[in-house]
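Visitor: Sequence plus the predicted model coming up.
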Amino acid sequence: MAGVVAEAPGGAADPSLAEEAVSMHESLTGWLEVNRAALEAVSGMRGQAIETQVAEERELIRALDEAGWTRRGWPADAGGAGGTAISRAVLYDRLAAAGLPIPEAFVLLETLGPVLTRYAPDLARRHLPGILSGRTIWAQGFSEPDAGSDLAALRCRAEPSASGFVLRGQKTWTTLGHLADFALVLARTGEPGYRDLSAFWVDLADPHVTVRPITAANGRHEFAEMFFDEVVIPAGHLIGAIGQGWEIAMYLLQYERGMYAWLRQAVLHNRLATGVNLMNPADHDALRAVGSAFILLTALRRRSWATVEQLAADLSPGPEISVDKILLAQAEQAVHDAVRTIGAAAFLFDGGEEWSMRRDEWFYSRASSIFGGAIDVQRNIVADRVLKLSKSAR
Ligand SMILES: Cc1cc2nc3c(=O)[nH]c(=O)nc-3n(C[C@H](O)[C@H](O)[C@H](O)COP(=O)(O)OP(=O)(O)OC[C@H]3O[C@@H](n4cnc5c(N)ncnc54)[C@H](O)[C@@H]3O)c2cc1C
């Protein structure tokens, strides 16, 4: 069913972005065709231990870096090749369209990289080349046991010291935390509330950091908890200024919700298209499920491409980014529900590579309405700040 295959990313309102998208698309597509078999041989898969998957993905990143692709879309003075988020979006889209994974490390790169390049150019210069070449992995240390949706309630604290800051506290649900080399940690540097928060770059190899993996419902160590026991942070590892943590978190969330939604829709198109290849065309339940999922996915693709264009033009999507997050959660779960309907008994009982991966993805898709901002909270943001509905109108 060719209909569930995504079209190539379309034009952009800004002619220079449109040109960048087309140029990246054409050159990359040709290169992927020639190198696809070699890249498949070094590509990790979900459905196996995350440690193995991430180790394999480092090889894929290395191969992409050697050919110069991972550096496109990042600033030249931070080790990139110039260009905008449009180039990165095309890279992710074409990787997924070719059936290759988008490395897990790049989800964190897309979340943290824009923050580093904007608020801490020195750190970006030092650290971006590491992640772009597969040598390092980063983590995002926002959530705490009693501060998830209510991020302003976080208690992890950084006190000024002679050499910089001393960090104490705990973070949890840190994706790839136990495999990461560095984390961006949001910590309190003053009074309770959202104003006195600051962001720090933390070296997780520090002996005063303890990281423990957490096992998710799919059996994998998707995330970890991190403990900071008087970790000395050099002054140069402050990101932005003291008290700028909330602004930085809001800037970051535009990428965590917007670019991540784009990246996931690319993967989801691949999963739906390859799932449809396994479908019995006489299975009406499966056809219905595929149709519903494809509609949501198409809406997500259109919406998140427009968001990527805004990010590339350095325009702030603001609270409307919550719409992308809601669409993503719905599409992600609908696609994996459709695949489950297609598979029927195979989804439940087949222990082979294909269905192990799809089962694993179905479990993970349940979390898409939680991470990056729980969906109920996103709906409230849309009601309050986008539609400006009065409480009584809901
Ligand atoms: C797979 C996965 C990966 C993650 N990776 C990271 C990571 O790398 N780094 C990181 O910092 N965090 C990460 N998180 C944590 C994630 O950001 C939080 O789980 C999320 O913000 C929700 O917070 P919480 O778990 O404390 O739930 P809570 O905030 O306690 O929410 C519990 C429930 O209450 C609802 N709720 C809460 N407040 C309201 C409200 N005001 N109105 C209506 N409903 C409300 C929520 O929708 C939810 O259903 C990850 C989570 C998951 C599942």
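Guide: Cool, got the structure. Residues are numbered from 1 along each chain as shown.

Visitor: C-alpha from now on. contacts and neighbour counts both.
Guide: Will do.

Visitor: So which bits of the stretch 151-300 of the chain are right by the ligand?
Guide: W173, T174, T175 (Cα under 6 Å from any ligand atom).

Visitor: Go through the residues you listed and name the one nearest F227.
Guide: T174 (11.2 Å; Cα to Cα).

Visitor: by contact count, what packs against the strand or helix carrying that closest one?
Guide: Applying DSSP states H and E as the criterion places T174 in strand 164-175. For strand 164-175, the packing partners by 3 or more Cα pairs under 8 Å, 6 or more residues apart in numbering; DSSP states H and E come out as strand 138-141, strand 157-161, strand 223-234.

Visitor: Mind doing that once more with 10 Å?
Guide: helix 104-119, strand 138-141, strand 157-161, strand 182-188, strand 197-203, strand 209-214, strand 223-234 (3 or more Cα pairs under 10 Å, 6 or more residues apart in numbering; DSSP states H and E).

Visitor: Mind listing the strands the last one pairs with, and their directions?
Guide: Read that as strand 223-234. Its sheet considered, strand 223-234 pairs with strand 164-175 (antiparallel), strand 209-214 (antiparallel) by DSSP bridges.

Visitor: just the fifth one next, same as before
Guide: The strands beside strand 197-203 in its sheet (DSSP bridges) come out as strand 182-188 (antiparallel), strand 238-239 (antiparallel).

Visitor: Please name whichever of these is nearest to N380.
Guide: Of all the strands paired with strand 197-203, strand 182-188 comes closest under Cα to Cα, at 23.7 Å.

Visitor: List the buried residues for the helix or strand containing E33?
Guide: In the assignment (DSSP H and E), E33 maps to helix 15-41. By neighbour count on 16 or more other Cα atoms under 10 Å, the buried set for helix 15-41 is L17, A18, E20, A21, V22, M24, H25, L28, T29, L32, R36, L39.

Visitor: One more: stretch 139-146?
Guide: Neighbour counts over stretch 139-146 (16+ other Cα under 10 Å) mark A139, Q140, G141, F142, S143, E144 as buried.

Visitor: Please apply the same query to stretch 239-258.
Guide: 239-240, 242-249, 251-258.

Visitor: In helices, which of those residues appear?
Guide: G245, W246, E247, I248, A249, Y251, L252, L253, Q254 (DSSP state H).

Visitor: For the third one, list the residues it contacts.
Guide: By that I understand E247. E247 sits next to Y194, R195, L197, S198, A199, G240, L253 when contact means Cα atoms under 10 Å, 6 or more residues apart in numbering.

Visitor: Count the neighbours of the closest residue in space to the fifth one that isn't next to it in sequence for me.
Guide: Nearest residue to A199, sequence neighbours excluded (Cα to Cα, 6 or more residues apart in numbering): L186, at 4.6 Å. Applying other Cα atoms under 10 Å, we find 27 other residues in the vicinity of L186.

Visitor: That's all I had, so thanks and see you.
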